[in-house]
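Undergrad: Take a look and give me a structure for this.
(chains A, B, C and D)
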Number of protein chains: 2
Amino acid sequence: MASMKEVARLAGVSVATVSQVLRGTKRFTPEVEARVRAAARELGYLPDLRASALRTGRSDIVGVLLPDLSNPYFPALLNALEVAARAAGLLVLVHDSGNEVGLERHALERLASVRVDGLLWVPSDASVAGAKALPRRDLPVVTLDRPLPGRDAVYSDHAQGGRLLARHLLALGRRRVALLAGPAELPSARARRRGFLEAFEPLAPVFEGAAGFTHRLPEPVRRRLRQAVGGFDAVVCPNDAVAIGVVRVLREAGVRVPQDVCVTGFDDIPWAAMMEPPLTTVRQPLAAIGAEAVRLLLERIRAPEREPRQVMLPVELVERASTAPATAAPQEGSEPSP
Amino acid sequence: MASMKEVARLAGVSVATVSQVLRGTKRFTPEVEARVRAAARELGYLPDLRASALRTGRSDIVGVLLPDLSNPYFPALLNALEVAARAAGLLVLVHDSGNEVGLERHALERLASVRVDGLLWVPSDASVAGAKALPRRDLPVVTLDRPLPGRDAVYSDHAQGGRLLARHLLALGRRRVALLAGPAELPSARARRRGFLEAFEPLAPVFEGAAGFTHRLPEPVRRRLRQAVGGFDAVVCPNDAVAIGVVRVLREAGVRVPQDVCVTGFDDIPWAAMMEPPLTTVRQPLAAIGAEAVRLLLERIRAPEREPRQVMLPVELVERASTAPATAAPQEGSEPSP
DNA sequence: CCGGTGAGGTTAATCGATTAACCCACCTGC
DNA sequence: GCAGGTGGGTTAATCGATTAACCTCACCGG
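TA: Numbering: from 1, shown residues only, chains lettered A, B, ... in the order given. Got it, this is the predicted structure:
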């Protein structure tokens, strides 16, 4: 692959001249500029970004470190981040930590070693919980979704999302709610629950359960849902994936959604709109999150010492067919679906 | 961020020694080795991979260029690729081309400019069709899904998938099939169709339509499906996303799936198992695709001049509830779902 | 006592670009 | 006629690591 030296030789000038012409940092006679460009074109010259990064200290590459690409929320987030990064002229180095602190620490080192300009990071559950896999202090970092003390962070207003759901269900006349919570160590999951409880007052859930964040519900929760059939008229899930699992369990138990029981999710991943029935959920503003995260990261790169910021973005209730007004009397799950 | 020079100074040796100790390429007295390691640890030294890449010519970074991250198949593929790459000690630079030749060409240049060791590439529709956005000849490339002349390629046996579906439907007694095809310029889509037609002989579809590759069906196809209700007892879709759209249209038209009409997909994206009804589809062996692609890429990097290879991987029929045996008489779409 | 060998380090070139500093010729103004 | 610009290039240091080549002893055998 042709280097600047070869371009310089072909054009009959020094490498300095080539560099300066190509970057437009100095003016030359039209004749020389033309010769340089022609030579570059002829050799198919492409600057070696490793070399310029080495010299200038900027690579225009950012790392994105995610806990689990197989969880549908993260690809959606990744997409948003990639779009925002691309718009800012940045390349994206993705890494999946498998939600494991060990691997995560390793990934952080590796990314620091490539000298990415900065890092967009969704910390693993354990990291959030305190088992710190902290990146070097000198690596600009913006955390997503899960704020970390002393770092810039971008996240949605989870509590508000919880409140919106509570109000929505109340407005529909649903008062016997089963509330499933996500991983207890995640502030986002806790905020969703908190917001819900707050706006649901003075009522309280008929029961609560810990469901994690995937569609594979823990056995206790499945059992609980089946046993309590008829005892609740709505299930509030910590995210969309869980909602999918819940709808499935309810269906199997012969419960109609939304007539007998409403189900709500959180995130508005693409599935939500597409499932049967389409899911009422709270939309996280992914595009805005991506844009904001990149903006914050660039600012932090420019001013490493500035006070860290937390940016909270508004969420939005998306009403779909998985929720509907309560009918006259709460019915038993009587008519099994096909 | 500490450099080797500082480590050398702290340890009281030359940078050469530091390099050699840390890489273990030469032996020193235990005493010196200890001093070097201690110094490195104390300074939190991390080698600058840009610099070593510059010197050694290998960065252990591969590019992954995809047409559209918002299409659910690609995140799934990306995940597989990332896992395989990680297992081989490679970092992944993702880039979304938006399925646009212009952006794609730009991306290829950018990736070549960072001097990635190689590229895993799913060419855009247009690139496949001939509007070439070819990467430089000197950049090792493995194409995925969509073979390109003179390049290494990894893809699934799409034709076989088509055949499996045809046989499956025939075995179920479904003979009046509507066949939807994907983008005509994609060999994969064509192979699926071809395989189906071949194994469906001597029968033929009652009608065909061009549906693209997303769940948003073109209006003509929607209309056609609605008008022809009762005239077909199965719809074969070019991929899972389209199948989702089809199920929805059929439902709205009051058709029961699978009783009245079977629907099949292709890919086995995560949704397939989760939708209502769970989708019968053909599974692409993503993990194997990822592993094979990375293997091929590493080989090509090692031996740039070797004859290009095409690796075709076997697919697998996944039977789920969206297909079922034909009942006695083909019924009209009579019982609208809720 | 001398040449040879090997262990243990160092010197210096190199990868490819960037950029401050410098050099030279020519022009301008007084 | 000369100080002082200025336009148009070049020289050379530098970023951080790698590695071939070399240097210096100590030790060994004859």
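
Undergrad: going forward, measure contacts and count neighbours with C-alpha atoms only.
TA: Will do.

Undergrad: Please name every helix or strand in contact with whichever helix or strand A:Val246 is part of.
TA: Taking DSSP states H and E as the criterion, A:Val246 maps to helix A:240-252. Helix A:240-252 makes packing contacts with helix A:219-227, strand A:262-264 when contacts are defined by 3 or more C-alpha pairs under 8 Å, 6 or more residues apart in numbering or on different chains; DSSP states H and E.

Undergrad: Mean pLDDT, distance to chain B and mean neighbour count added to those, as CSV?
TA: What follows is these, written out as CSV (pLDDT from 0 to 100; distance: least, C-alpha to the nearest C-alpha, whole Å; neighbours: other C-alpha atoms under 10 Å in any protein chain shown):
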stretch, mean pLDDT, distance to chain B, mean neighbour count
helix A:219-227, 95, 16, 14
strand A:262-264, 98, 15, 29
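
Undergrad: for the ones you listed, which one sits closest to A:Ala34?
TA: strand A:262-264 (63.5 Å; C-alpha to C-alpha).

Undergrad: Contacts for whichever helix or strand comes after that closest one next, please.
TA: Using DSSP H and E, the next helix or strand after strand A:262-264 towards the C-terminus is helix A:270-274. Under the contact criterion C-alpha atoms under 8 Å, 6 or more residues apart in numbering or on different chains, helix A:270-274 has outside partners A:240, A:265, A:278-281, A:320, B:244, B:271.

Undergrad: Please give the centre-to-centre distance between helix A:270-274 and its chain.
TA: Relative to the centre of its chain, helix A:270-274 is centred 16 Å away, using C-alpha atoms, centre = their mean, to the nearest Å.

Undergrad: where do the helices sit along chain A?
TA: Using DSSP state H, the helices of chain A run over A:4-11, A:15-23, A:30-43, A:49-56, A:73-87, A:101-113, A:125-129, A:158-171, A:187-200, A:219-227, A:240-252, A:270-274, A:286-302.

Undergrad: residues in contact with the longest one?
TA: To tie it back to what came earlier, the one meant is helix A:286-302. A:76-77, A:80-85, A:88, A:117-120, A:140-142, A:144, A:152-156, A:306, A:311, A:313.

Undergrad: By mean pLDDT, point me to the weakest helix or strand of chain A.
TA: helix A:125-129 (a mean of 88; mean pLDDT, DSSP states H and E).

Undergrad: Tell me which other helices or strands that helix touches.
TA: With contacts defined as 3+ C-alpha pairs under 8 Å, 6+ apart, there are no secondary structure elements packing on helix A:125-129.

Undergrad: May I see the buried residues of it?
TA: A:125-128 (16 or more other C-alpha atoms under 10 Å in any protein chain shown).

Undergrad: do stretch A:158-177 as well
TA: A:158-166, A:168-170, A:174-177.

Undergrad: and chain B, which of these contact it?
TA: With C-alpha under 8 Å from any C-alpha of the partner chain as the criterion, these include none near chain B.

Undergrad: can you tell which of the helices of chain A is closest to B:Ala11?
TA: helix A:101-113 (21.0 Å).

Undergrad: hmm, the closest one in reach of DNA strand D?
TA: No. Using C-alpha under 7 Å from any atom of the strand, helix A:101-113 stays clear of DNA strand D, with a minimum separation of 8.3 Å.

Undergrad: before we move on, the earlier item: possible to save the contacts of helix A:270-274 as CSV with distance to A:Arg251, pLDDT and neighbour count?
TA: As requested, the contacts of helix A:270-274 are exported to CSV (distance: C-alpha to C-alpha, whole Å; pLDDT from 0 to 100; neighbours: other C-alpha atoms under 10 Å in any protein chain shown):
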residue, distance to A:Arg251, pLDDT, neighbour count
A:Asp240, 16, 97, 29
A:Gly265, 16, 98, 26
A:Pro278, 14, 93, 16
A:Leu279, 14, 97, 29
A:Thr280, 17, 98, 26
A:Thr281, 19, 98, 30
A:Arg320, 18, 97, 16
B:Ile244, 19, 94, 26
B:Trp271, 17, 89, 20
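
Undergrad: which parts of chain A sit against DNA strand C?
TA: So far as C-alpha under 7 Å from any atom of the strand goes, chain A lies against DNA strand C at A:1-5, A:15-17, A:19-20, A:23, A:46-49, A:51-52, A:54-56.

Undergrad: Of these, just the buried ones, ChimeraX syntax please.
TA: Buried residues within the residues of chain A next to DNA strand C, by 16+ other C-alpha under 10 Å, are selected in ChimeraX with:
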select /A:1,4,15,17,19,46,47,48,49,51,54
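
Undergrad: tell me the contacts of the most centrally placed residue in chain A?
TA: The centroid of chain A falls nearest to A:Leu77 when counting by C-alpha atoms, centre = their mean (3.7 Å). Going by C-alpha under 8 Å, 6+ apart, A:Leu77 touches A:286, A:290.

Undergrad: low-scoring stretches of chain A, by residue?
TA: Scanning chain A with the threshold set as pLDDT under 70 gives A:328-338.

Undergrad: Tell me the residues of it that contact DNA strand D?
TA: Near DNA strand D, when you scan chain A using C-alpha under 7 Å from any atom of the strand, you find A:12-17, A:27-30, A:32, A:51-52, A:54-55.

Undergrad: If we use 10 Å, what do you get?
TA: Contact residues, chain A versus DNA strand D (C-alpha under 10 Å from any atom of the strand): A:8-9, A:11-21, A:26-34, A:50-57, A:113, A:115.

Undergrad: Could you chop chain A up by domain?
TA: A:4-47, A:61-156+A:285-314, A:158-283 (automatic domain parsing).

Undergrad: and the closest residue in space to A:Phe200 that isn't next to it in sequence, what does it touch?
TA: Spatial nearest neighbour of A:Phe200, chain neighbours left out: A:Ala166 (5.3 Å); criterion: C-alpha to C-alpha, 6 or more residues apart in numbering or on different chains. Going by C-alpha under 8 Å, 6+ apart, A:Ala166 touches A:196-197, A:199-200.
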